[in-house]
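**Student:** predicted model and sequence below, questions to follow.
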Amino acid sequence: MDKPVYVTQPSLPALQEFIPYLEKIWENKILTNVGPFHQQFEAALAQYLGVEHLALCSNGTLGLVTALQALGVTGEVITTPYSFVASSHALLWNRLQPVFVDIDPHTLNLDPAKIEAAITPHTTAILPVHCYGHRCDVEAIQHIADRHGLKVIYDAAHAFGVKDAGGSILRHGNLSVLSFHATKVFNTFEGGAIICPDAQTKQHIDHLKNFGFVDEVTVVEPGINGKMSEINAAFGLLQLQHIDAALSQRQRVDAIYREALGGVRGLYCLRPQNGQVFNYSYFPILVGPDYPISRDALYQKLRDNGIYARRYFYPLIADFPMYRNMPSAHPDNLPSASLAAQQVLCLPIYSALAAEDQERVIRIVREVAEEAARDAQAAASVTPVVA
């Protein structure tokens, strides 16, 4: 049987390239607490992303938890049910109440048209997600936030390197949070970052992620341990040397899928917005009723052939036990999100995806449609017998 093909695979440099970084760490004997590699990586990453201030953290989820603390968010937070559970779990960990609103059926991002109806006197913030790296309607969301005095925290876990006409999309909102998990476009094994609008906010977050310490005898915040280690920072510094090549390779994979699957009846491929610099972090397709088999049947057919596509995001966050009894989680409130969760399938995409493996994926997806078309044509050509 052919080797398994997974939905993603981390981009890794040659091991020999990382050895000098490890040797320097062994020489310095500094493993954490904002060592030299941490400082270098923070500066280099900010320059690459086109932002002025950012705070590295140990992972994206702790980044979300810390960002909510930094802004003093209380009460209710409007968010999307169509995301990875970390988006809403970060709210519960801060004793906040998620309020789900539906998504735009075309972008699969939080639908601004649904936000205002969900605002109550207890609402203090909005937590949108740039799903699959597609830019949210940031202007509409900010307009609503300004009108109602709300904070905006973007879960930008999928949005590394994404830009719009004005520059990095990470500049939008009060804070944006990145993830550098192993499955992301850019990884540091584990890691994350909070994009800060100014030096004062960055200092506040730096205190929060390091137990609130200012110096060895002064604690000013009830902080946690959310620091990035020297090994993760060193690896990130090396990864920055290769990220442009990795993104270019992912773009090639994306283009091949679009050319091969764009005309398949019943399949819909999400497209980046015009004018957006995209990162090709995922390749989701929506399997509609005109496709010959269901999404789950296609998912299983691919698995039977050693291809491990994923149903990102199914189930909805709103369907999990800790959320499903919330009034805003009722399926009637979330028709577009519920439909997307039943139809979405993310196909394998990563920089080292071999051409023959991608062809296997395409062949299986197309064969299902082609066999159904041949069967329909054969049935139509049979002359009925008249008694």
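**Tutor:** Noted; the coordinates are in hand.

**Student:** thought Asn333 was touching Asp111?
**Tutor:** No: counting by CB atoms under 8 Å, Asn333 does not reach Asp111; the two are 11.7 Å apart. Backbone N, C-alpha and C define where each C-beta goes, glycine included.

**Student:** and those two? which has more neighbours close in?
**Tutor:** With neighbours defined as other CB atoms under 10 Å, Asn333 and Asp111 compare such that Asp111 has more, 22 against 19.

**Student:** need the residues that contact the host helix or strand of Leu286.
**Tutor:** Here Leu286, judged by DSSP states H and E, is contained in strand 283-287. Strand 283-287 has contacts (CB atoms under 8 Å, 6 or more residues apart in numbering) with 108, 132, 253-254, 257, 261, 266-270, 294-295, 298, 312, 340, 343-349, 365.

**Student:** please pick the buried ones from those residues.
**Tutor:** 108, 132, 253-254, 257, 261, 266-268, 270, 295, 298, 312, 340, 343-349, 365 (16 or more other CB atoms under 10 Å).

**Student:** mind checking which of those residues are in strands?
**Tutor:** Among these, DSSP state E puts 267-268, 344-347 in strands.

**Student:** now the residues you listed in a markdown table, with distance to Val65 and pLDDT?
**Tutor:** Output for those, formatted as a markdown table (distance: CB to CB, whole Å; pLDDT from 0 to 100):
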| residue | distance to Val65 | pLDDT |
| --- | --- | --- |
| Leu267 | 37 | 97 |
| Tyr268 | 35 | 96 |
| Val344 | 27 | 98 |
| Leu345 | 30 | 98 |
| Cys346 | 26 | 98 |
| Leu347 | 32 | 98 |
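
**Student:** Ser88: which of those is nearest?
**Tutor:** Checking these against Ser88 with CB to CB, the nearest one is Val344 at 18.1 Å.

**Student:** residue ranges for the helices of the stretch 251-387 of the chain, please.
**Tutor:** 295-304, 335-343, 355-381 (DSSP state H, counting those that start in this stretch).

**Student:** nearest to Pro121, of those?
**Tutor:** So among these, helix 335-343 is nearest, using CB to CB, at 25.4 Å.

**Student:** okay, now Ala157: neighbour count?
**Tutor:** Neighbourhood size, Ala157 [other CB under 10 Å]: 28.

**Student:** was I right to think it contacts Ser176?
**Tutor:** No: in this structure Ala157 lies outside contact range of Ser176 using CB under 8 Å: 9.8 Å.

**Student:** quick one: strands adjacent to whichever helix or strand Ser176 is part of?
**Tutor:** For Ser176, the host element (DSSP H and E) is strand 175-179. Counting by DSSP bridges, the strands paired with strand 175-179 are strand 151-155 (parallel), strand 192-196 (antiparallel).

**Student:** which one of those is the most hemmed in?
**Tutor:** strand 192-196 (a mean of 27; mean count of other CB atoms under 10 Å).

**Student:** on that earlier part again, each with direction, which strands does the strand holding Leu286 pair with?
**Tutor:** When pairs are called by DSSP bridges, strand 283-287 turns out to pair with strand 267-269 (antiparallel), strand 344-347 (antiparallel).

**Student:** got the phi and psi for the residue nearest to Leu49 when sequence neighbours are not counted?
**Tutor:** Spatial nearest neighbour of Leu49, excluding adjacent residues (CB to CB, 6 or more residues apart in numbering): Ser168 at 5.4 Å. When read as degrees, to the nearest 10, the backbone of Ser168 gives phi -60, psi 140.

**Student:** ok, Leu56 next?
**Tutor:** Residue torsions, per degrees, to the nearest 10, at Leu56 are phi -70, psi 150.

**Student:** wouldn't Tyr280 be in contact with Ser248 here?
**Tutor:** No: look at Tyr280 against Ser248 with CB under 8 Å: they stay out of range, at 9.2 Å.
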